[in-house]
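**Student:** Provide a 3D model corresponding to the input given below.
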Amino acid sequence: MPEVRLSGCTPEPLMNYLKALGVFRIVSEQCDAEARGCWCNDVFVLRSKLGFDALHDFILKEYKPTPIVAPWGARSGFYGGKSERAARDALEAIMKSKDPRLALFQDLVKRVRSLLREMGISHKAEDEGKLALLAACRSRLPDQVTFWLDACYVVLDNGRQFPPLLGTGGNEGSGSYVSGFAQQVVACLVRHEHDSALCSALFGDLRHGSVTDQTPGHFSGTAAGGANATQGLEGRVKTNPWDYLLCLEGCCLWASGAVRRLGQRGPRAASFPFTVNISGVGSGSLAMAEEVKPRTAKRDVAEIWLPIWSRLLSLSELRSLLAEGRASVGTRMAASGLDMARAAAGLGVDRGISQFKRNIFLMRNGQSFLAVPAGTVDVKRREAVDLVQEIDPWLGHFRQACESKKAPPSIKSLLRGIEEAIFEFCRYGGPTFFQAIVVALGQAERQLALREGWVTNKVRVDPIGGLTPEWIDAADNRSPEFEIALALSGIRGDSAGVLLIRANLEPVRFTQARDSNLVARWAEKDRATVWNSADLATNLAQVLARRLMDASRAGSDTLPLKSGSTVSLETLRQFLAGELDDSHIEDLLWGLALVDQKQRPDVPPANESSGPLPRAYALLKLLFLPEPLKASNQEICIKPEPRVVVLLKAGRVGEACQIAMRRLRASGLAPLPHPTSRGITRDKDWDELNDAKIDGRRLAAALLMPISEASITKLQRLVTRDLPNEDSE
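**Tutor:** Take a look at the predicted model:
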């Protein structure tokens with residue numbers, strides 16, 4: 001069977017996508033039941049017994065249009081009045097035609113007129129009368145029009161609902177799709193005014209006279225005309241009439257339905273294929289305000305995700321795909337554009353779909369809607385996407401709080417940042433994009449901490465609970481900034497009551513839930529919180545000083561500086577030299593602090609080699625170890641000296657080193673430089689560091705960073721002499 005590439009049938013705009021479905025449908029139903037179709041390189045490919053010329057001739061000479069009517073709406077052609085004239089004249093021309101292809105259309109028009117007479121409807125029905133007419137059409141009209149009715153509306157227990165694909169049941173504002181369809185049936189099939197335009201519609205050929213002034217509705221923004229619609233100041237309407245006909249034929253495949261929720265006894269709800277609420281993320285320029293229905297709109301805003309499949313499907317298979325139209329996130333159905341992206345990344349969609357083309361219906365040009373293309377999302381498994389489910393309860397509460405009119409824009413932008421990061425990860429995957437989610441969560445947590453969780457005077461959001469350790473592996477891009485942030489975020493408390501380092505960042509307390517997960521709550525006036533708007537080095541130095549103070553008050557024998565992860569000496573050298581991105585380290589620290597690392601095994605650093613380290617750091621670090629120093633088969637407890645941190649913050653590095661020299665000697669070590677031959681110490685040699693360009697605050701910050709035992713041994717050998725081995729004496 002020959003394959004025909006329909007170059008005029010592309011995934012964008014929406015009209016071209018639906019046109020491809022329309023061609024596939026009428027060929028399968030009216031000519032070749034064995035026809036198959038798929039997408040290849042953004043072009044629809046039709047495999048059937050028809051070749052290029054045969055396909056063109058079939059549509060031009062044998063195609064039977066679907067009888068598309070909408071007697072429940074305005075400009076349907078069934079009522080009197082000036083506004084109905086164009087549609088009424090088109091229906092009359094169809095009824096007078098002797099072309100056998102229009103026999104089904106003529107029969108349906110007669111049936112509708114008879115139904116309206118029986119119901120006593122002589123003008124456009126309203127309210128209860130309209131609902132009764134919708135129900136009557138669904139039950140009384142022939143099966144050939146069922147798919148069109150299902151694409152137009154759904155009758156529910158408490159009323160009716162219109163899918164966004166066809167506006168308000170076949171109407172778009174003051175325009176009518178059924179009126180336009182009838183007019184183009186007359187122009188193309190009865191009068192044959194646009195035979196040359198069919199090649200352009202199918203194969204993308206440029207032909208003279210292939211456009212008309214038929215309004216395309218929301219299906220094609222580039223053809224709708226209007227101000228700034230083209231290179232000039234005003235663009236004219238230019239729609240290929242065959243595009244319009246075949247587009248509405250394709251809409252008949254987009255059948256909606258009613259489903260029951262909460263079990264078989266629950267209320268029925270409308271179900272539209274791959275149609276969800278708008279998410280303002282992943283689209284570049286949309287604002288959160290465009291996620292809600294405008295006051296003047298007669299229909300809901302929504303977005304529709306057009307499936308792209310690369311395997312040849314039959315029409316029945318495609319109907320099944322669209323009839324189900326399901327996408328799930330975990331155990332729930334996708335409800336927003338963000339959910340659809342998560343479903344695509346988690347393979348929570350029907351099999352066989354390789355991509356989605358996202359279209360968002362937005363109100364533009366007064367009360368008119370346009371389908372705006374918003375990018376492509378590949379259906380590809382992203383291993384870490386399921387981790388996002390851990391924050392769903394918190395994110396839902398945060399989103400609800402941001403919907404308040406009193407929520408400040410700064411807080412709303414944080415929500416957008418989180419959702420944008422999740423969306424981008426679903427599109428591209430990888431640790432760098434997942435790391436952006438961690439950073440966005442940390443930024444939101446930091447701002448909420450400043451407000452103690454209060455988004456408004458009446459709405460408060462709890463802190464984010466302990467995330468699972470898998471978040472770390474998903475976000476680890478092996479950068480030195482991540483290495484430092486991970487080691488700092490894992491600094492633990494001890495049995496004496498010194499808390500996790502997160503308590504030094506924000507006023508938060510944890511309780512153990514029944515499922516063993518940590519539940520976070522805001523703490524009132526917590527003195528352990530010392531983080532402020534200062535730079536990273538200053539804040540880390542303050543955290544170190546605070547943890548030393550808390551350990552001293554609690555009478556702890558060890559320093560609460562142990563972490564499950566450590567920093568390599570090479571990364572420390574880069575930090576001390578100012579070669580790393582401090583702001584990124586800070587963002588990562590706030591994000592990784594949200595992870596519960598208690599159950600995560602200790603991870604050694606990947607790189608222990610390093611360039612030259614400042615000897616001042618090597619000397620001072622021996623005073624700030626979480627465990628006794630192991631030297632010459634001995635364990636030496638070195639008492640910390642809080643004054644060292646104060647001196648470093650003041651830039652008095654030399655004095656701090658002198659204190660360290662005395663403390664090490666008091667602990668039984670022999671620090672360098674050696675005493676003179678007369679036994680006089682040379683501690684004063686460190687005074688030269690007071691005038692050297694050494695950042696004392698950065699040095700103090702580095703003392704907080706955990707390092708491995710191998711690194712500690714290397715530092716000890718750098719600044720001390722070996723102790724005599726007692727076993728050898």
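
**Student:** any chance you could map the helices in the stretch 101-250 of the chain?
**Tutor:** 103-119, 127-140, 146-152, 177-185, 197-203, 241-251 (DSSP state H, counting those that start in this stretch).

**Student:** could you do the stretch 501-650 of the chain as well?
**Tutor:** 502-505, 536-554, 569-576, 582-592, 615-621, 643-649.

**Student:** of those helices, which is nearest residue 347?
**Tutor:** In terms of C-beta to C-beta, the element of those nearest to residue 347 is helix 582-592, at 26.4 Å. Placement of C-beta: from N, CA and C, glycine included.

**Student:** elements contacting the closest one?
**Tutor:** helix 431-450, helix 470-475, helix 480-489, helix 536-554 (3 or more C-beta pairs under 8 Å, 6 or more residues apart in numbering; DSSP states H and E).

**Student:** which of the ones you listed has the lowest average pLDDT?
**Tutor:** Note on the helices and strands packed on helix 582-592: helix 536-554 shows the lowest mean pLDDT, a mean of 92.

**Student:** and that helix, which residues are buried?
**Tutor:** Applying a neighbour-count criterion of 16 or more other C-beta atoms under 10 Å, one finds 536-551 buried in helix 536-554.

**Student:** what do you get for stretch 565-584?
**Tutor:** For stretch 565-584, using 16+ other C-beta under 10 Å, the buried residues are 565-576, 580, 582, 584.

**Student:** and for that stretch, what's in contact with it?
**Tutor:** 439, 480-481, 483-484, 486-487, 490, 535-537, 597, 602-614, 617, 695, 698-699, 701-702, 705-708, 711, 714-715 (C-beta atoms under 8 Å, 6 or more residues apart in numbering).

**Student:** what about 6 Å?
**Tutor:** Applying C-beta atoms under 6 Å, 6 or more residues apart in numbering, the external contacts of stretch 565-584 come out as 480-481, 483-484, 486-487, 490, 536, 603, 605, 607-608, 610-611, 613, 702, 705-708, 711.

**Student:** drop anything exposed from these.
**Tutor:** By neighbour count, with 16+ other C-beta under 10 Å, the contacts of stretch 565-584 hold 480-481, 483-484, 486-487, 490, 536, 603, 605, 613, 702, 705-708, 711 as buried.

**Student:** hmm, back to that, the helices of the stretch 501-650 of the chain: which one's closest to residue 14?
**Tutor:** Nearest to residue 14, of the helices of the stretch 501-650 of the chain and by C-beta to C-beta, is helix 582-592 at 38.2 Å.

**Student:** number of residues surrounding residue 168?
**Tutor:** As a burial measure, residue 168 scores 18 neighbours (other C-beta atoms under 10 Å).

**Student:** how close does it get to residue 76?
**Tutor:** Residue 168 is 13 Å from residue 76, where distance means C-beta to C-beta, to the nearest Å.

**Student:** picking up where we left off before, out of the helices and strands packed on helix 582-592, nearest to residue 386?
**Tutor:** Of all those, helix 470-475 comes closest under C-beta to C-beta, at 9.0 Å.

**Student:** from the contact counts, what lies against the closest one?
**Tutor:** helix 431-450 (3 or more C-beta pairs under 6 Å, 6 or more residues apart in numbering; DSSP states H and E).

**Student:** got a pLDDT number for residue 260?
**Tutor:** 47.

**Student:** and what of residue 290?
**Tutor:** 63.

**Student:** ok, residue 144 next?
**Tutor:** 85.

**Student:** what about stretch 200-209, how long is it end to end?
**Tutor:** 10 Å (C-alpha to C-alpha, to the nearest Å).

**Student:** again with stretch 464-482
**Tutor:** From its first residue to its last, stretch 464-482 covers 20 Å (C-alpha to C-alpha).

**Student:** run a quick neighbour tally on residue 85.
**Tutor:** So residue 85, with other C-beta under 10 Å, has 13 neighbours.

**Student:** kindly report the same for residue 639.
**Tutor:** The local packing of residue 639 (other C-beta under 10 Å) involves 10 other residues.

**Student:** and the residue nearest the centre of the chain, what does it touch?
**Tutor:** Residue closest to the mean C-alpha point of the chain, counted by C-alpha atoms, centre = their mean, is residue 423 at 1.8 Å. Residue 423 is in contact with 281-282, 338, 341, counting by C-beta under 6 Å, 6+ apart.

**Student:** which residue, other than its chain neighbours, is closest to it?
**Tutor:** The shortest distance from residue 423 to any non-neighbouring residue, by C-beta to C-beta, 6 or more residues apart in numbering, is to residue 282 (4.1 Å).

**Student:** helix or strand for the one you found, which one?
**Tutor:** Of the helices and strands defined by DSSP states H and E, none includes residue 282.

**Student:** and the pLDDT at it?
**Tutor:** 84.

**Student:** gap between it and residue 243?
**Tutor:** Distance, residue 282 to residue 243, using C-beta to C-beta: 28 Å.

**Student:** one step back: of the contacts of residue 423, which is the most crowded?
**Tutor:** Neighbour max across the contacts of residue 423 (other C-beta under 10 Å) = residue 341, 30 neighbours.

**Student:** in this structure that one contacts residue 428, no?
**Tutor:** No. With contact defined as C-beta atoms under 6 Å, residue 341 does not reach residue 428; the gap is 10.8 Å.

**Student:** okay, now the closest residue to residue 319 other than its chain neighbours: neighbour count?
**Tutor:** Spatial nearest neighbour of residue 319, chain neighbours left out: residue 253 (6.6 Å); criterion: C-beta to C-beta, 6+ apart. Look at residue 253: counted by other C-beta under 10 Å, it has 21 neighbours.

**Student:** my guess is residue 345 contacts residue 426, does it?
**Tutor:** Yes. Using C-beta under 6 Å, residue 345 is in contact with residue 426, at 3.8 Å.

**Student:** neighbour count winner among the two?
**Tutor:** Neighbour tally, residue 345 and residue 426, criterion other C-beta under 10 Å: the higher count belongs to residue 345, 28 against 25.

**Student:** what's in contact with stretch 530-543?
**Tutor:** Contacts for stretch 530-543 (C-beta under 6 Å, 6+ apart): 504-505, 546, 582, 585-586, 649, 697-698, 700-701, 704.

**Student:** out of those residues, the closest to residue 359 would be?
**Tutor:** residue 586 (39.0 Å).

**Student:** show me where the stretch 201-350 of the chain has strands.
**Tutor:** Taking DSSP state E, counting those that start in this stretch as the test, the strands found in the stretch 201-350 of the chain are 226-227, 234-235, 257-260, 268-271, 275-276, 302-309, 328-329, 332-333.

**Student:** the last one pairs with which strands?
**Tutor:** What that stands for is strand 332-333. Strand 332-333 has the following strand partners under DSSP bridges: strand 328-329 (antiparallel).

**Student:** same check, this time on the fifth one
**Tutor:** Based on DSSP bridges, the strands next to strand 275-276 in the sheet, each with its direction, are strand 302-309 (antiparallel).

**Student:** contacts only, for residue 520.
**Tutor:** Here residue 520 is in contact with 463, 465, 508, 510 (C-beta under 6 Å, 6+ apart).

**Student:** what's the spacing between the first one and residue 456?
**Tutor:** Spelled out, it's residue 463. From residue 463 over to residue 456 (counting by C-beta to C-beta), the distance is 17 Å.

**Student:** check which helix or strand residue 360 maps to.
**Tutor:** strand 353-364.

**Student:** and that strand, what's buried?
**Tutor:** 353, 355-363.

**Student:** can those go into JSON lines with extra columns for pLDDT and distance to residue 9?
**Tutor:** Below are the buried residues of strand 353-364 laid out as JSON lines (pLDDT from 0 to 100; distance: C-beta to C-beta, whole Å):
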{"residue": "353", "pLDDT": "91", "distance to residue 9": "18"}
{"residue": "355", "pLDDT": "93", "distance to residue 9": "16"}
{"residue": "356", "pLDDT": "95", "distance to residue 9": "17"}
{"residue": "357", "pLDDT": "95", "distance to residue 9": "13"}
{"residue": "358", "pLDDT": "94", "distance to residue 9": "18"}
{"residue": "359", "pLDDT": "93", "distance to residue 9": "16"}
{"residue": "360", "pLDDT": "91", "distance to residue 9": "21"}
{"residue": "361", "pLDDT": "87", "distance to residue 9": "21"}
{"residue": "362", "pLDDT": "82", "distance to residue 9": "24"}
{"residue": "363", "pLDDT": "78", "distance to residue 9": "28"}
